[in-house]
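S.K.: show me how the following folds:
(one chain, ligands or ions: 3)
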Amino acid sequence: MPDPRPTPVPASIDLASVPHHVAVVMDGNGRWAQRQGLARTVGHGAGEASLLDTTYGALSIGVRVLTVYAFSTENWRRPIDEVRYLMNFNQSLLQRREHELHDEGVRITFSGRRDWRVPKRVLANMDEAAALTAKNKVMTLNIAFNYGGRAEIVDAVRRLVSDGLAADKVDEKAIRARLYHPEIADPDLVVRTSGEFRISNFLLWEMAYSEMIFTDVLWPDFRRENLFEAVQEFQRRERRFGGLDK
Ligand code: IPE
Ligand code: IPE
Ligand code: MG
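M.R.: Ligands and ions are numbered 1, 2, ... in the order given. This next block holds a predicted model:
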């Protein structure tokens, strides 16, 4: 299991400009398993070590928010056995890890729809982990679960309507305030593993000006060193937000 102790941080990472919020599309579990002749679900299980190691790596360099894409609103299209595995796996991962993450000062939050398809016991565990860690300040681990970027925008618009906002009061601030976690700043860096070059309905609103890094590494092989490499690459980028260079 990952070593929670601080590891030496590469000298080439500038600790003064670490991305505040890193978001990760944890992809490639199925292919990782299939390449070894194993069931896809074995790949999901192997992703737990990657998640823990990446979380500790993020803690060691002072990342303040780590959002991870665990289950999308489209993942219900998968075979029922895989969906069931993912529901059980995410619940048991929380049960097994919430206390150790709590000890590290990690606040656990969730982004996504709480719809009828998510088993009640899974929702109860999510609530328990969120309540246990609610006051923690070191880092937020935001788990995107039954999450879709379009669903999040639809949910925000529904709230705008039910709040009775007049058309001329609808602006970016009003929409942003109704996202799942308005208190969380937009991701500075988005990493996607497994060599796929797409967004797959992740953080559509929040990613407007994120730096994107795509790596061929499959999620079960991803470790904190891969995060550090992504952060180094991020630090070589120049962000302009539509303006001109300084
Ligand atoms: C990511 O791995 C995990 C989830 C989407 C839940 P995949 O299961 O998508 O693995 P690949 O992309 O098929 O290899
Ligand atoms: C995105 O991966 C969702 C998660 C990592 C949870 P997918 O594997 O579902 O995305 P597509 O289908 O390749 O676009
Ligand atoms: Mg995939």
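S.K.: where does the prediction get shaky in the protein?
M.R.: Counting by pLDDT under 70, the low-confidence segments of the chain come to 1-6, 246.
S.K.: surely Ser111 is in contact with Thr67?
M.R.: Yes. Counting by CB atoms under 8 Å, Ser111 sits close enough to Thr67 to count as a contact (7.2 Å). From N, CA and C alone the C-beta is placed, and that goes for glycine too.
S.K.: so those two - more neighbours on which side?
M.R.: A side-by-side neighbour count of Ser111 and Thr67, using other CB atoms under 10 Å, places Thr67 first with 25 against 22.
S.K.: quick one: residues contacting that one.
M.R.: In this structure, Thr67 makes contact with His21, Val22, Ala23, Val24, Ser111, Asn142, Ile143, Ala144, Ile184, Pro187, Leu203, judged by CB atoms under 8 Å, 6 or more residues apart in numbering.
S.K.: 10 Å instead, please
M.R.: For Thr67, the contact set (CB atoms under 10 Å, 6 or more residues apart in numbering) comprises 21-25, 109, 111, 140-144, 147, 181, 184, 187, 190, 202-203, 206.
S.K.: now Ser162: how far from Gly149?
M.R.: Look at Ser162 and Gly149: by CB to CB, to the nearest Å, they are 21 Å apart.
S.K.: higher neighbour count, those two?
M.R.: A count of neighbours by other CB under 10 Å puts Gly149 above the other of Ser162 and Gly149, at 20 against 9.
S.K.: excluding its backbone neighbours, what's nearest that one?
M.R.: Computed as CB to CB, 6 or more residues apart in numbering, the closest residue to Gly149 that is not its neighbour in sequence is Leu204, at 3.1 Å.
S.K.: what's the spacing between the one you found and ligand 1?
M.R.: 17 Å (CB to the nearest ligand atom, to the nearest Å).
S.K.: repeat that for Phe222.
M.R.: Counting by CB to the nearest ligand atom, the separation of Phe222 from ligand 1 is 11 Å.
S.K.: over to Arg97?
M.R.: Distance, Arg97 to ligand 1, by CB to the nearest ligand atom: 17 Å.
S.K.: show the contacting residues for that residue.
M.R.: In this structure, Arg97 makes contact with Glu48, Leu51, Leu52, Thr55, Val106, Ile108, Ala129, Leu141, judged by CB under 10 Å, 6+ apart.
S.K.: distance of the last one relative to ligand 2?
M.R.: Read that as Leu141. Taken as CB to the nearest ligand atom, the spacing of Leu141 relative to ligand 2 amounts to 15 Å.
S.K.: can you get me a residue count around that residue?
M.R.: Here the count is done by other CB under 10 Å, and Leu141 has 24 residues near it.
S.K.: can you pull the phi/psi pair for it?
M.R.: When read as degrees, to the nearest 10, the backbone of Leu141 gives phi -100, psi 110.
S.K.: coming back round to it: what residues are shared contacts of Ser111 and Thr67?
M.R.: When CB under 10 Å, 6+ apart defines a contact, the residues bordering Ser111 and Thr67 alike are Asn142, Ile143, Ala144, Tyr147, His181, Ile184, Leu203, Glu206.
S.K.: quick check: chain neighbours aside, which residue is closest to the residue of the chain found nearest ligand 1?
M.R.: When scored by CB to the nearest ligand atom, the chain has Gly30 as its residue closest to ligand 1, at 3.0 Å. Leaving out its chain neighbours, the residue that sits closest to Gly30 by CB to CB, 6+ apart is Arg40, at 3.9 Å.
S.K.: and the gap between the one you found and Gly243?
M.R.: Distance from Arg40 to Gly243, by CB to CB: 45 Å.
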